[in-house]
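In: prediction below, plus the sequence it came from.
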Amino acid sequence: MKGMIKILAMACFALALTSCGGSDNGGKEEPPVPPVTGDGIPGCWKLTSWQPATNFNKEVYIQFVGGGSDDNVGTFVLYQNVSSVGMEKLEGSYRYDANTQVMTGSYTGDIAWTYPSYTISGDLKSTMVWTAVDNTTDVSTYTRIEKIPDDVVNETRATVASSGIRYL
């Protein structure tokens, strides 16, 4: 009986250690971070090159949630620092058609992207390449990252997509 009580006490102690936790995010609401599945659109990405610019030293991060399967709608959160106002956060929805490999989307408020659609290529495990359908010289290459850096999320101001510069 003493052995059974000892085992039960150890199990309760182990459970208590794993059930506590939390983080202080300064009261800011953060989007859920989907698990890195190794492939597909959902997850976190960082812009690593943009053409036609040869020296694009701006920061752009994008997180896709859901919508990874054929003809499904998902949401995105875009963090960008492409102007002098600092890091901005824009949100919206997207649709990816795996058959045509075309992505379309809009910002919240049904505000259009710069180009209405992009052809998606790359392995979608570590690299995702967007080519504007209406302008094939506009090519953005993204690299998968584990999560959007905390300093980017914490220093971001929400932006209405109808104002200012929008990367997409």
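Out: Nice, thanks for sending it over.
In: contacts for whichever strand or helix holds residue 141 next, please.
Out: Following DSSP states H and E, one finds residue 141 within strand 135-145. Residues outside strand 135-145 that contact it (CB atoms under 8 Å, 6 or more residues apart in numbering) are 36, 43-52, 61-62, 115, 122, 125-132. Just so you know, the C-beta spots here come from the backbone N, C-alpha and C atoms, and that holds for glycine as well.
In: just the buried residues from those residues, in PyMOL please.
Out: Per 16 or more other CB atoms under 10 Å, the buried members of the contacts of strand 135-145 correspond to this PyMOL selection:
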select buried, resi 43+44+45+46+47+50+61+62+128+129+130+131+132
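In: tell me the strands beside the strand holding residue 141, with direction?
Out: Strand 135-145 has the following sheet partners, assigned by DSSP bridges: strand 43-51 (antiparallel), strand 127-132 (antiparallel).
In: using CSV, write out every CA atom in the helix or strand that it is followed by.
Out: As assigned by DSSP H and E, the chain's next helix or strand after strand 135-145 is helix 150-154. Once non-C-alpha atoms are left out, helix 150-154 reads as follows in CSV (Å, rounded to 0.1, in the frame of the first residue of the first chain):
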residue,chain,number,x,y,z
ASP,A,150,9.2,38.4,-30.2
ASP,A,151,10.7,41.8,-30.8
VAL,A,152,8.9,42.1,-34.1
VAL,A,153,5.5,41.2,-32.5
ASN,A,154,6.1,43.4,-29.4
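In: appreciated, that's everything.
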